[in-house]
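> following is a predicted model, sequence given first.
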Amino acid sequence: MLQIPCPHCGPRDEVEFSCGGEAHIARPKESDALSDAEWADYLFMRANPKGVLAERWCHTLGCRRWFNVERDTVSHEILRVYPMGEPRGGGSGA
Amino acid sequence: MKRQRQRLDTGARIDRSQRLGFRFNGKSYEGFAGDTLASALLANGVRLVGRSFKFHRPRGIYSAGMEEPNALVQLGKGAASEPNLRATQVELFDGLEAASVNCWPSVKFDVWALNDRVSSMLPAGFYYKTFMWPKSFWHRYEKVIRKGAGLGIAPQAPDHNIYDKRHQHCDVLVVGGGPAGISAALAAGRAGARVILVDEQAELGGALLGNGERIEARSGVDWTLGARAELDDMAEVRVLTRTTAFGYYDQNYVLMVERVNDHLGAPAGTLRQRLWKIRAAQVVLATGAIERPMVFANNDRPGVMLAGAAQTYINRYGAKPGNRAALYVNNDCAYRAALDLVEAGIRVEAVIDVRANPTGEAVAAVRERGIDVLAHHAVGGTLGSKRLRGIEVLALNDKGDGFAGDIRRLRCDLLCLSGGWNPTVHLFSQSGGKLDFDEKQACFVPGEARQAVSAAGAANGVFALQGCLAGGTAAGREAAQKAGFEEPGAPAALPFSPPEADPLNPVWRLPPVSKGEMRFVDLHNDVTVSDIELAAREGYGAVEHLKRYTTTGMGPDQGRTGNMHALAILADIKGVSIPEVGTTTFRPPYAPVPYGVMAGRDVGVLTDPVRMTAIHGWHERSGAVFDDVGHWKRPWYYPRPGENMAAAVRRECVAARDGVALLDASTLGKIDIHGPDAAEFLNRIYTNSWSKLAVGRCRYGLMLGEDGMVMDDGVTTRLGETHYFMTTTTGGAARVMAWMEDWLQCEWPDLKVFLTSVSEQWATLSLSGPNARRLLSELAEGVDLSVQAFPHMSVRDGRVAGIDARIFRVSFTGELGYEVSVATSYGLALWQAFLRVGENYDLTPIGTEALHVLRAEKGYIAVGHDTDGTVTPGDLGMDWIVSTKKDFLGRRSLARADCVRPDRKHFVGLLPEARVPEGAQIVDEPRRRPPMKMIGHVTSCYDSATLGRPIALAMVAGGRERMGETVTIPLTMEGRVVKAEIVSPVFYDAQGERLNV
Ligand SMILES: [Zn+2]
């Protein structure tokens, strides 16, 4: 059971959250210009790295806010929690 | 009742004034408070306590703790008895009743002991090799084998005990209450940290309870009692005994089970155990160590025991495990046990030591007592079967890897073994920490940690008492400091250097003295040295393969005493080092955990939440049969006396078509949508356009996933300029809410829209049928219900039966319909008002089954019933609802090559000859038996009262192009089929004239 630091509520047990999978997958604006393969890449293909993964979590049974988490998929260590819209890698602002 | 003939008269942690009667294998005995079942049996001179798993060899008590491989018992009698408990851990209580597992008909005469005679025919991998071939025979063998190779009997009756769960946070969790753990808890507690100290035993002390060591001129027990008093005085320190930490998970999440009243026999109806879920900032593991045995021929006879265990039985329980003893060791530690045996009046024949020249302090003390020390010797075998009668001792050859000289026989009924110690690293390993191999002590010790955890004392490979105290103090202090607590003026921790002692000499295996005699490595699973050699020869040289092929380490004891030998012997055969062989994975739970404590209070009616509408009580009183929809209980149908389901549903359907019906639709998902961008938001969420919907009007909407597949549907109403009210399917409400929040927060944060779930705030009652308006008009105030003023698909506010209400003119039955929503607390009042006035109209309450029949007659889809996540709007023939002028979720996917394939399954109606089960497959060319080419499946099928025949909805490949054709629905392997004609899914009132009234 992970302990996830919700940026709004503080550290809580994983059961209060739901995971939204890999973060920073922007919805293509001009989707008609994309080939089926490119669209399928957006729809289905995810990185699944061994190591640091940026993923989205929602505090479903708490404040119901979505946020980003950088988590090590090997150690399960949570390295960073940052708001939606902020790029990964510790930068501030988009 | 027999006298406790092996009991010492004085000393030990038992209360001789409290006599406890118990029964074991049908015989009565007596023990004392403070005994375990094992110590009480030994005090009564009971040696034979069980049979081994495979060969059913007689076995005795081997250890004094949870590592016990032999003394497994079934506790209690009858249906609620508990299997596979270790007698070494079962605290004695008055009236305890236990029996050996794995022997039949009795422990003394076990028919399966025949396996022992033919053991050469039952080598490792025997089951795989013999019984798995031919495959079809396995089911014949299985029953017999399971009976012979079984353990205890699983309880058959419900568990009448209560189990609790507690969540707790702390700064420092200390696991293990021996000298190291106590020291750690004291240090962390003195620093002011919130500390939890847990130990699996009935009292703190750990090894101090059994080994008789002294601390600062006090006995170890007195020191422990002093420490316990200090800990109890600290407000932030909690001590839990009889508590086993069994699982170590991410971010220092540790699960523990507290045995609250097992030691009292866990009377039915009382709190038996408590599951603790601990989140600790820091963890100190002071989990001690488990002694290793020595391996030799017939090393499993009752009377062969770990040296530390024998010492514990004497010092802690005052029970003599034998009267004439020998010890077989490879280290100094066990010599102290020899002295304690002598002290207890046991005659010690000799200490057999594989080392060439042991000279340590304890060795000298043993020699001083006149005990024979046979250095550079080994035990080659044993005498006796149901109890040990003697041992065979041989000198070792110069290299120390074989025997030299003649066999010398020593008479003894107790043989104490010490092959060194294995730190209990299970939890450390579970935490993700790496294990290092300590060459000098030949054991795995905690290495690099992955979480905020440290190890201290024997668990850290430090076995000397002073080292445990110093290491525990240091670990506790450091953990507290990391958690932000420091003891002012704490004395600097003293450096500790281990005392000089002769290193141990691990002699993992010696050749058999005479051929064919079994040298057991894993006593529980009857795995021998030869089995490991065989596995290696046959290519199972990887440690995980070895484990599975030989089953070594797989019993309830998880090979705690034998695993190291198995690894070492494998390494030896392969000519590699032990760390190169590696260890098998340590997984939770550390010790078996009853299902009951995992379930806690979440049993019976509390297993899963139940959601009930405001009218539920009326439904119940009126005899409704309920349908589970998500967590909701919905009336399925309301049978009248003498009516079966079909008759009730038919009556309810007829009422809706010919008169007026009342449905509790409160479970519909309802979401309030506010904000200036609400229309734009709906445009993106739904396939159709929402920009032009007028205030006061409703519209049906279809929602897709980004993959283009239908996800949910429902009617959304524009209540004001920037205010919409969405309904969803009952089962989809939470999913739709989360889905829309996700898009708003993550992808479209620029949209000014606010969502509120109001599903439970509104009770929604649906009137349906030609008389719906007349009935409603008797109760409605301030609403013009006329066709002109209140058309289909619109909403009006008003009062109904004096209650503020929101009235939607919508229909899911194809009849004139009104959904009246009121505050949930008024739901029942409105329901009863409808029924009162409805008497004049024969108003009929209907359930979900009638609703399904009615909507199917109209060809209305039920999402999740007719769709399954692979269905596009086009498949449903609903292209009319898909806008081509705007973007919406899932739109691009509808153009994917796979979504425009001409052979996709279409939603069609079927006229089957008879009612068929939902999910039935549809074929063009039936054969006598599968395989057949399947072209679709039935999604809904009902007996339609309106049409007087069975109707079905189905997904059929290219179905819309096949109207009027006949397909076949095979139903049984015997070849029963039903023919069906493909028709439009709209069976009734295709023009929708019944809505325009
Ligand atoms: Zn939160």
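That came through, no problem.
> every contact and neighbour count from this point should use C-alpha atoms.
Fine.
> can you pull the residues of chain B lying near chain A?
Contact residues (Cα under 8 Å from any Cα of the partner chain) of chain B with chain A: B:249-251, B:253, B:432, B:450, B:706-707, B:742, B:745-747, B:892-893, B:896-897.
> for the residue of chain B positioned farthest from its centre, give me phi and psi.
Relative to the centre of chain B, the most outlying C-alpha is that of residue B:788, 61.5 Å out, by Cα atoms, centre = their mean. The phi and psi torsions at residue B:788 (degrees, to the nearest 10) take the values phi -70, psi -40.
> so which residues of chain A form strands?
A:3-6, A:10-13, A:18-22, A:52-58, A:66-72, A:78-83 (DSSP state E).
> in a markdown table, list the ones you listed along with mean pLDDT.
Shown next, in a markdown table, are the strands of chain A (pLDDT from 0 to 100):
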| stretch | mean pLDDT |
| --- | --- |
| strand A:3-6 | 96 |
| strand A:10-13 | 95 |
| strand A:18-22 | 96 |
| strand A:52-58 | 97 |
| strand A:66-72 | 97 |
| strand A:78-83 | 95 |
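> I'd like these as JSON lines, with mean neighbour count and distance to the ion appended.
What follows is the strands of chain A, written out as JSON lines (neighbours: other Cα atoms under 10 Å in any protein chain shown; distance: least, Cα to the ion, whole Å):
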{"stretch": "strand A:3-6", "mean neighbour count": "20", "distance to the ion": "5"}
{"stretch": "strand A:10-13", "mean neighbour count": "13", "distance to the ion": "7"}
{"stretch": "strand A:18-22", "mean neighbour count": "16", "distance to the ion": "11"}
{"stretch": "strand A:52-58", "mean neighbour count": "22", "distance to the ion": "8"}
{"stretch": "strand A:66-72", "mean neighbour count": "23", "distance to the ion": "8"}
{"stretch": "strand A:78-83", "mean neighbour count": "17", "distance to the ion": "12"}
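> could you dump those strands into a markdown table with distance to residue B:979 added?
Converted to a markdown table, these look like this (distance: least, Cα to Cα, whole Å):
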| stretch | distance to residue B:979 |
| --- | --- |
| strand A:3-6 | 57 |
| strand A:10-13 | 55 |
| strand A:18-22 | 46 |
| strand A:52-58 | 50 |
| strand A:66-72 | 52 |
| strand A:78-83 | 59 |
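> thinking again about what came up before, out of the residues of chain B next to chain A, who's nearest residue B:780?
Comparing the residues of chain B next to chain A against residue B:780 with Cα to Cα places residue B:742 closest, at 39.5 Å.
> ok, residue 75 - contacts?
No chain in the question, so chain A it is. B:432, B:450 (Cα atoms under 8 Å, 6 or more residues apart in numbering or on different chains).
> wait, chain B
Residue B:75 makes contact with B:81-83, B:85, B:96-99 under the criterion Cα under 8 Å, 6+ apart.
> give me that answer again for 7 Å
By Cα atoms under 7 Å, 6 or more residues apart in numbering or on different chains, residue B:75 lies in contact with B:81-83, B:97-99.
> ok, the residue in the stretch 701-850 of chain B positioned nearest to the ion - contacts?
Residue nearest to the ion within the stretch 701-850 of chain B: residue B:745 (13.7 Å; Cα to the ion). By Cα under 7 Å, 6+ apart, the residues touching residue B:745 are residue A:66.
> helix/strand/coil for it?
Look at residue B:745: counting by DSSP: H, G, I helix; E, B strand; the rest coil, its state is helix.
> state the pLDDT value of it.
On pLDDT, residue B:745 comes in at 97.
> what do you get for residue B:600?
95.
> in the stretch 551-700 of chain B, which residue sits closest to chain A?
residue B:684 (12.5 Å; Cα to the nearest Cα).
> again with the stretch 1-150 of chain B
Counting by Cα to the nearest Cα, the stretch 1-150 of chain B gets nearest to chain A through residue B:66 (26.5 Å).
> hang on, that residue in a helix?
No. Read with three-state DSSP, residue B:66 is coil and lies in no helix.
> pLDDT weak spots in the stretch 351-500 of chain B?
B:492-500 (pLDDT under 70).
> wait, residue A:71 sits on residue A:88?
No. If you go by Cα atoms under 7 Å, residue A:71 and residue A:88 don't touch, sitting 11.4 Å apart.
> what strand or helix carries residue B:358?
For residue B:358, there is no host helix or strand (DSSP states H and E).
> could you do residue B:187 as well?
Assigned by DSSP H and E, residue B:187 falls in helix B:179-190.
> where along the stretch 551-700 of chain B do the helices fall?
For the stretch 551-700 of chain B, applying DSSP state H, counting those that start in this stretch gives helices covering B:563-574, B:578-581, B:595-599, B:616-621, B:645-658, B:678-685.
> which elements pack onto the shortest one?
Right, helix B:578-581. Judged by 3 or more Cα pairs under 7 Å, 6 or more residues apart in numbering or on different chains; DSSP states H and E, helix B:578-581 is in contact with helix B:563-574.
> next, the buried residues of the helix it packs on.
B:563-572 (16 or more other Cα atoms under 10 Å in any protein chain shown).
> flag the shaky bits of the stretch 201-350 of chain B, pLDDT-wise.
For the stretch 201-350 of chain B, no range has pLDDT under 70.
> pick out the residue of it closest to chain A.
residue B:250 (5.5 Å).
> surely that residue meets residue A:1?
Yes. Counting by Cα under 7 Å, residue A:1 is a contact partner of residue B:250 at 5.9 Å.
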